[in-house]
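[1] A structural model of the following input is requested.
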Amino acid sequence: MKNYVLVHGAWGGAWEFEELSALLAADGSHVIAVDLPGHGDNKAPIAEVTMAAYVQKVTEVINDLDAKVVLVGHSLAGAVISQVAENIPGQIDRLVYVAAALPRSGDSVLGLMESDPYGELLPAVIFSEDQSYATLTEETVREVLLHDVVDDAWIVRSIPEFLMRQATEPFMAPVELSVENFGSVAKYYIRASLDKAMSQSLQDRMTTHWPVEKVLTLNSGHFPLTSMAKKLNEAINEVAFHSNAAVEQRSKPKATVANRVVLASAVVMFAAVLFGNLLSSFASANQTQAESPVSQHQYQTQHKIVSIDGVDVFYREAGPANAPTILLLHGFPTSSHMFRNLIPALSDRYHVIAPDYPGFGNSAKPSVEDFDYSFDNLARLMQKLVDKLEVESYSLYLMDYGAPIGFRMAAGNPQRIDSLIIQNGNAYDEGLREFWDPIRTFWNDRTPENAAPLANFITLEGVKWQYTHGVRNEAAISPDNWNVDLRHLSLEGNPQIQLQLFYDYQNNVPHYPAWQAYFRKHQPPTLIVWGKNDYIFPPEGAHPYKRDLDNVEFHLLDTGHFALEEDGRVIADYIRNFLSTQGS
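    Numbers count the residues shown, from 1 in each chain. As a prediction, this is how the structure comes out:
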């Protein structure tokens, strides 16, 4: 049995925990849901509703108990329970953050929300003229906070509570946390993958602020305590009884782990000099560093060429060979160069392979007379590459041309696919919109006149447009992208290669029903990260995946076709956390 203290977030109250409290208490555990000052039955004027008052109230509740507590905080209350743990660390068994703020020292909840480009709550908050309080509209409550709650009766009962005046001082007050106190308390985080208030990107980033013993994910919005109370109860029970032994060995934030590794390595090297065994100790120190939990460690990317059916295929490879494999399949008009930053962001944990198709990048570019430039053939060669590298199973990252290539591989060998990561890659009729009209004309009548407009796609202006259209900040997009692509696009015979692939793309469309049937039958776990401003593959092509896939995590990003250029770090975080929830 445990002692649980549950702390609500902004615009909330102890009433939020009614169902969860009953579930947690079913095994005889003692559960207290707190009404913070100014919330629920704890009436207080706006001027007295402060972060310090929140912290004092929770501290008083804990002091009245004669035992350590599992302190659970939701949303803004993450900052509250953090400050409580700083003040009375010896009375806290562990902290559990549920879609909650996990701040660094000096952070405020408002500052964290302002750093979240994907959060939809803060832009919808209505501040009073004097900034002392804030309110929400019913539409915001329904669409941002409760969008996945299906209990309409509960929503109707709760709406008046959410429309209260929320004091702003608790949002703005920074927390003061130390390694010695707050750092000594075990922390667990329960992510809400569909959260619109605190985006998954922000949640993932916050879990790097301090060592977190375990991260669990619920496929819910901001209120899993209502939308899936039973699953949240299971998750809290799991972390409540998880061993805290590791926290005694680690009392510093993750950013200092690297310093400890370097210091330990230096000590080992010094001892080696004294005993004349420098080389063996240096190797041992390197091994220790490689096995440490420092997430910044990256395996150097290797650049290789392998011959497949007489064609030289270039590929980039990084990460431990015995780790789960991710095959990155690029789009038009680029190459594996598009993954140059994603590879090192994943290769500490995964075996990453990124090939160039024939006709692209650093792979061979035989003429259209000497090679079958069709998506069927490219998929066949990519499958042979995987076989030659002796990769038994793998996850697929599918972008643009990579989608029809990868879906052929997945549908043909479903038992080998661990998961799908789809980024602006199409498998539905809804995804082929206005951009494709001149290409459809070419499909219907392959004449020089109909081919002429397509040549613009491989000019400097055309390639640059594909990288910059729909982005938030064009200055953030490196011109290296189009300059590198133009090297192969401008080679003799390459325009004919690209024209042939334009024409063959029509043969992907008849495969759509079969690929959709593959989704429905085999249900591969799927992460969708889609640049929503893409004119080539607009978001109308992203949503239909949710019709056929049950286990799908879905994110629309405020960027264009090459989403990695502007949101590569965000996508890398999504991938790492998604694959970790799938056991990879």
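[2] all contacts plus neighbour counts: C-alpha atoms, from now on.
    Noted.
[3] Can you check the pLDDT for residue 250?
    Looking at residue 250, its pLDDT stands at 46.
[4] what do you get for residue 246?
    Per-residue pLDDT puts residue 246 at 56.
[5] Same question for residue 486.
    Here, the pLDDT recorded for residue 486 equals 95.
[6] quick one, what contacts it?
    The contact partners of residue 486, by CA atoms under 8 Å, 6 or more residues apart in numbering, come to 458-460, 463.
[7] domain ranges for this protein?
    Per automatic domain parsing, the structural domains of the chain span 3-248, 302-581.
[8] related to what we said a few turns ago, columns secondary structure, distance to residue 495 and neighbour count on top of the contacts of residue 486, output as CSV?
    As requested, the contacts of residue 486 are exported to CSV (DSSP: H, G, I helix; E, B strand; the rest coil; distance: CA to CA, whole Å; neighbours: other CA atoms under 10 Å):
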residue, secondary structure, distance to residue 495, neighbour count
458, helix, 8, 21
459, coil, 10, 15
460, helix, 13, 15
463, helix, 13, 21
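[9] what's the neighbour count on residue 129?
    Using other CA atoms under 10 Å, the number of residues around residue 129 comes to 8.
[10] Pretty sure it sits in a strand.
    No: applying DSSP: H, G, I helix; E, B strand; the rest coil, one finds residue 129 to be coil, outside a strand.
[11] any idea how far residue 135 is from it?
    Distance, residue 129 to residue 135, by CA to CA, to the nearest Å: 12 Å.
[12] now do residue 156
    Note on residue 156: its distance to residue 135, by CA to CA, is 17 Å.
[13] cool, and residue 190?
    Residue 190 sits 26 Å away from residue 135, going by CA to CA.
[14] ok, these two, which is more surrounded?
    A side-by-side neighbour count of residue 190 and residue 135, using other CA under 10 Å, places residue 190 first with 23 against 19.
[15] That one falls within a strand, correct?
    Yes: counting by three-state DSSP, residue 190 is located in a strand.
[16] confidence score at it?
    pLDDT recorded at residue 190 is 95.
[17] For it, list each beta-bridge partner.
    Beta-bridge partners for residue 190, by DSSP bridges, are residue 98, residue 216.
[18] looking at it, it is touching residue 96, isn't it?
    Yes: shown here, residue 190 and residue 96 form a contact pair, counting by CA atoms under 8 Å, at 7.4 Å.
[19] Count the neighbours of the nearest residue to residue 330 once chain neighbours are set aside for me.
    Closest residue in space to residue 330, ignoring its immediate chain neighbours: residue 402 at 5.2 Å, by CA to CA, 6 or more residues apart in numbering. Residue 402 has 26 neighbours, counted by other CA under 10 Å.
[20] do the same with residue 120
    Neighbour count for residue 120, taken as other CA under 10 Å: 19.
[21] Confirm it sits in a strand?
    No: using three-state DSSP, the assignment for residue 120 is coil, not a strand.
[22] what sits against it?
    Residues near residue 120 by CA under 8 Å, 6+ apart: 144, 196-198.
[23] ok, now with 6 Å
    Each residue near residue 120 by CA atoms under 6 Å, 6 or more residues apart in numbering is listed here: 196-197.
[24] repeat for the one 5 residues further on
    By CA under 6 Å, 6+ apart, the residues touching residue 125 are residue 136.
[25] let's see it at 8 Å
    Counting by CA under 8 Å, 6+ apart, residue 125 makes contact with 134-136.
[26] now it: how far from residue 13?
    Computed with CA to CA, the distance linking residue 125 and residue 13 is 18 Å.
[27] quick one on the thing from earlier: so can I have CSV of the contacts of residue 125 showing secondary structure?
    Output for the contacts of residue 125, formatted as CSV (three-state DSSP):
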residue, secondary structure
134, strand
135, strand
136, coil
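[28] What is the nearest of those to residue 301?
    Nearest to residue 301, judged by CA to CA, of the contacts of residue 125 is residue 136 at 48.6 Å.
[29] neighbours around the closest one, how many?
    When counting by other CA under 10 Å, one arrives at 19 neighbours for residue 136.
[30] so who does it touch?
    Applying CA under 8 Å, 6+ apart to residue 136 gives the contacts 124-126, 162-163.
[31] same deal with residue 1?
    27-30.
[32] So which of those residues sit within strands?
    If you go by DSSP state E, the contacts of residue 1 have residue 30 in strands.
[33] Which pair of the contacts of residue 1 spans the longest distance?
    Greatest spatial distance among the contacts of residue 1 (CA to CA): 27 and 30, at 9.1 Å.
[34] more neighbours, those two?
    Set residue 27 next to residue 30 and count neighbours by other CA under 10 Å: residue 30 wins out with 15 against 10.
[35] Let me see the contact set for that one.
    For residue 30, the residues meeting the contact criterion (CA under 8 Å, 6+ apart) are 1-4.
[36] Of the residues you listed, select the buried ones using a PyMOL command.
    Selection command for PyMOL covering only the buried members of the contacts of residue 30, criterion 16 or more other CA atoms under 10 Å:
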select buried, resi 2+3+4
